[in-house]
Each structure stands twice: as structure tokens, then as C-alpha cells.
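Here is a sequence together with a model predicted from it:
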Amino acid sequence: MIAALLRRDLAQFFPFTGSGAALPVVFFVAVAMLFPFAVGPDANLLAKTGGGVVWIAALLAAILPLEKLVARDIELGFFDQLKLRGLAEEAMMAVRLIAHWLSFGPPLLLATFPAAALLKIEGETFQILLLGLAAGTPGLAAIGLMIAALTASLRAGAALSGLLLIPLALPILIFGAGALARQDQVSLGFVAAISLALVALAPFAAGAAIRAAREN
Amino acid sequence: MFRRLSFALTPGAACHITGANGAGKTTLIRAVAGLTTPYAGTVVRTGALALLDERTGLDPDLPLGRALAFWFGLDGADEAATIMARLRLDPLAEVPVRYLSTGQKKRAALARVLGQQAPIWLLDEPLSGLDTASQGLVSTLVREHCEGGGTALIASHQPLDVPGMTSFAIEDFAPLEAEEYEA
């Protein structure tokens, strides 16, 4: 049942096969493309600030898929039907988290290559940026899932998710972008640790949230 | 919504809950399904449940055939083609679910219920939006389900033609009005 569900969720959310799911990645590259236009083509300045811009772009791109992530399937009665078949909400949300990250993390990492080229990020800085995003995106996906589940039954859910994600994502952003400024790998360890804790927590928090949404 | 309500259904039995809109039929069905926790009271059941309500559970962007195939696969339904033909869904297999009419969506949800092969059916307004022929088909399906040892609990304000079906009105269990409490 888990495998079938994962296949279905992936088909829903994966870029180019799902319903308009390529948008966050396109948005991510677009932000990286706009930045040199705004601050000028000075290679030194771009290289110095570009890493931070990529992180902010990743954070904003993480907000885009949240609207459809959970609310739509609650409206469909999809989770109710799974519940009747004996699946726990926590399992549904764990599968959703994997599908959400797979449809958003790896494409974002791939898009980092053109984004980094546009911002003149090279060498070791690029490596740290890539590693940081690889460690940080699961955490961003986990925060996103929790927020999407919590706001699913609210009318202004979409706008609210953006507002909620930003403060919660701060630790990942601080250590992820901080690793670039100091060129150290220790901060990356922190990013990975925060991500791990969030990924472990998210299915339970999101599961409880959709259970609560169903009761009223 | 309701109080002191108690009933038991044995295999082969069907029960029809009647009541006006908003009287609490859906709440009762969801409580029996375990999707809502009643303020007081318990539900005891043995066997799997299949639920039909106003939401289809089918992905609106997928063609009907593929959307149903997900649930058929999950439930291990081996007679998918027979079920589709029975509910006259064959011509609609390639149509995305969001383009289906209310009645067609209801038939699709019924196909999902059939594929589940669960002994207990919970049907919330199974007749709404259906044409006369399809309404007759629902009665037939419920009759066959009960003859095969299944149980059905049906909430509907429309009549169903199922022999031996018990029935009660949910309004009979409505909570007392404030002045009655005082009396």
C-alpha cells in the first residue's frame, strides 16, 4: 500500500508530469537570473553575495508547492479513504514528505548549476552551496509539510503558509548561508542535523494536524 | 445532533437512515466510520468498511480509468473491468475526473466501493445526483451486497428498493429542547 501511495504522490507532484509542479524550480532560476540585473555584473560582488541569494531563492521556491500539498487531498476525501483502509495519518504524511522532497529537492539541486553559473559562484564555494542545499532541502520540505497540514483547513492557507515558513526556516538559512561566508563544513553538519530532526518530527506533527482538521 | 441512538446490524442486514438535511445523517455515518469521535458512545464492528460520500477520493486531473485503477490496485480488486461495465463507466475511462458530471462522479465512487470488497458499506446519500436508471442500480447493488452476507448502512432522504431493509429517522433521536430539559 505504501509503495502504491508513493507512486501516486510522486506522479502528482513531480515536475513536468504532475500538475504544474515545475514552477518552483523555474521560479528559483528566475530569481538567480534577476539578481545580476539588479546589482550589476560585477563578478566579485556577485560571487560574494550570490550564495545567499541562492539560499533565499530556495526558501521562496519551497513556499510555492505548499498550497496543493495537503489541502487538495483533504477536500477529495483521499485521506479519509486511506484511513478506512487502516493506514495511519503519520504513514500518509511520511510518504507525502518523501514525495514532496523528491519532487522539489533534486530538481532544485540540478537548477543550482545554472543559477551558480549566473551568479559567478565557483570552486569550493559552489561545492559548499550544493552540499548545504542537499542537507537543507529535506528540512525545508519537512517544515513545508507541517505548515501545509496545519493550514489545510483555513481559508487564507496559501498566504499564511509563506508567512509561517520564513521564521521556521531561519535556522537552516543561517547555518546554510553561514557555511558559505566562512567556507567551513561544520555549519553544514548543523544544517544536516536540523533537517534530520525536522524530517523525524514532520510526519507526526502533520499527521496530528490532518486528524484535527477532519474532526471539525 | 443526536442522543440515545443505538442500533445493531448483522451480516445480510441493511439499514436506511432518513432525516432532513442537516439532521445529522452524515455525522452518524462518519462516527460509524471512525472518522469523527462521538461526544459520548461507542461503535463496535468486525470487518472492513467501505465509505461512499459526496467526495469521490479520485484525482480530478487523471482520466477516470487511471484514477480508479489506483484504488482497485490498493484494494486488490480483480474484477475491475466487470465493475466498470456494471456501472456504465467504460465509455468514460479516458475522461479526466474533473469533467465528469455529478451523477457520473457518484457512479465512479460506487465503482471504488465495489472494488473494495468490504463487508460493511456506509453509503451517504448514494442516490443524490443519479438518474432513475442509476438509482435502480444502486438498490440492486445493495440488495446483492446484503444477499452475499454484507451489511449496509445507508443515509438518504430518498427511498431505496431493498427488501427487508430496516429504517429509522434520525430526528427521533434529536436532543431535547432547552425547555424540555427544565421540565
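Yep, it's here.

Now chain B against chain A: closest residue?
Closest residue of chain B to chain A, C-beta to the nearest C-beta: B:R55 (3.1 Å). Backbone N, C-alpha and C define where each C-beta goes, glycine included.

okay, now that residue: neighbour count?
17 (other C-beta atoms under 10 Å in any protein chain shown).

ok now do it, which residues does it touch?
By C-beta atoms under 8 Å, 6 or more residues apart in numbering or on different chains, the residues touching B:R55 are A:75-77, A:80.

can you give me the helices in chain B?
Counting by DSSP state H, one finds helices in chain B at the ranges B:25-33, B:64-75, B:80-86, B:102-116, B:132-147, B:178-182.

and B:A50, what are its bridge partners?
B:A50 has these beta-bridge partners by DSSP bridges: B:W121.

any idea how far A:E89 is from it?
19 Å (C-beta to C-beta, to the nearest Å).

These two - which one has more neighbours?
Remark: of B:A50 and A:E89, B:A50 carries more neighbours, 25 against 21, as counted by other C-beta under 10 Å.

Point out the residues in chain A that sit beside chain B.
Residues of chain A lying close to chain B (C-beta under 8 Å from any C-beta of the partner chain) are A:1, A:4-5, A:8, A:12, A:19, A:75-78, A:80-81, A:83-86, A:214-215.

again, 10 Å this time
Counting by C-beta under 10 Å from any C-beta of the partner chain, chain A comes close to chain B at A:1, A:4-5, A:7-8, A:11-12, A:18-20, A:72-87, A:211, A:214-216.

Please give me every residue in contact with residue 108.
Using chain A here. Neighbouring residues of A:L108 by C-beta atoms under 10 Å, 6 or more residues apart in numbering or on different chains: A:15, A:24-25, A:28-29, A:54, A:57-58, A:61-62, A:101, A:115, A:133-134, A:137, A:140.

I was thinking of chain B, sorry if that wasn't clear
Taking C-beta under 10 Å, 6+ apart as the test, what B:A108 contacts is B:56-58, B:64, B:67-68, B:71, B:84, B:87, B:89, B:92, B:97, B:100.

In chain A, what residue lies closest to chain B?
Proximity of chain A to chain B (C-beta to the nearest C-beta) peaks at A:G77, 3.1 Å away.

got any ranges where the chain has weak pLDDT?
Using chain A. Applying pLDDT under 70 to chain A flags residues A:15-21, A:216.

oops, I was thinking of chain B
Chain B contains residues with pLDDT under 70 at B:176-183.

The residue nearest to the spatial centre of it and B:L114: what is the separation?
Chain B has B:L123 as the residue nearest its centroid, 1.2 Å off, counting by C-alpha atoms, centre = their mean. From B:L123 across to B:L114, the span is 12 Å (C-beta to C-beta).

Quickly list what's touching both of those two.
Counting by C-beta under 10 Å, 6+ apart, the contacts common to B:L123 and B:L114 are B:50, B:52, B:141, B:145.

Would you mind listing the residues in contact with the residue of chain A most remote from its centre?
Ranked by distance from the centre of chain A (C-alpha atoms, centre = their mean), the top residue is A:D42, with 30.2 Å. Going by C-beta under 10 Å, 6+ apart, A:D42 touches A:36, A:48-49, A:120.

Centre of the chain to stretch A:132-146, how far?
5 Å (C-alpha atoms, centre = their mean, to the nearest Å).

Then stretch B:105-116?
Centroid displacement of stretch B:105-116 relative to its chain, using C-alpha atoms, centre = their mean, is 10 Å.

And for stretch B:123-130?
On the basis of C-alpha atoms, centre = their mean, stretch B:123-130 sits 8 Å off its chain's mean C-alpha point.

List the buried residues of that stretch.
B:123-127, B:129-130 (16 or more other C-beta atoms under 10 Å in any protein chain shown).

Likewise for stretch A:123-141?
Under 16+ other C-beta under 10 Å, the buried positions of stretch A:123-141 are A:125-126, A:128-141.

Extract the C-alpha trace of it and format it as CSV.
Provided in CSV are the C-alpha atoms of stretch A:123-141 (Å, rounded to 0.1, in the frame of the first residue of the first chain):
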residue,chain,number,x,y,z
GLY,A,123,35.1,26.2,-6.9
GLU,A,124,34.8,25.4,-3.2
THR,A,125,32.0,27.9,-2.6
PHE,A,126,29.9,26.1,-5.2
GLN,A,127,30.6,22.7,-3.5
ILE,A,128,29.6,24.1,-0.1
LEU,A,129,26.4,25.6,-1.6
LEU,A,130,25.4,22.4,-3.2
LEU,A,131,26.1,20.3,-0.1
GLY,A,132,24.3,22.8,2.0
LEU,A,133,21.2,22.7,-0.2
ALA,A,134,21.3,18.9,-0.3
ALA,A,135,21.4,18.9,3.5
GLY,A,136,18.9,21.8,3.9
THR,A,137,16.1,21.0,1.4
PRO,A,138,14.8,17.9,3.4
GLY,A,139,14.3,20.2,6.3
LEU,A,140,12.6,22.8,4.2
ALA,A,141,10.3,20.1,2.8
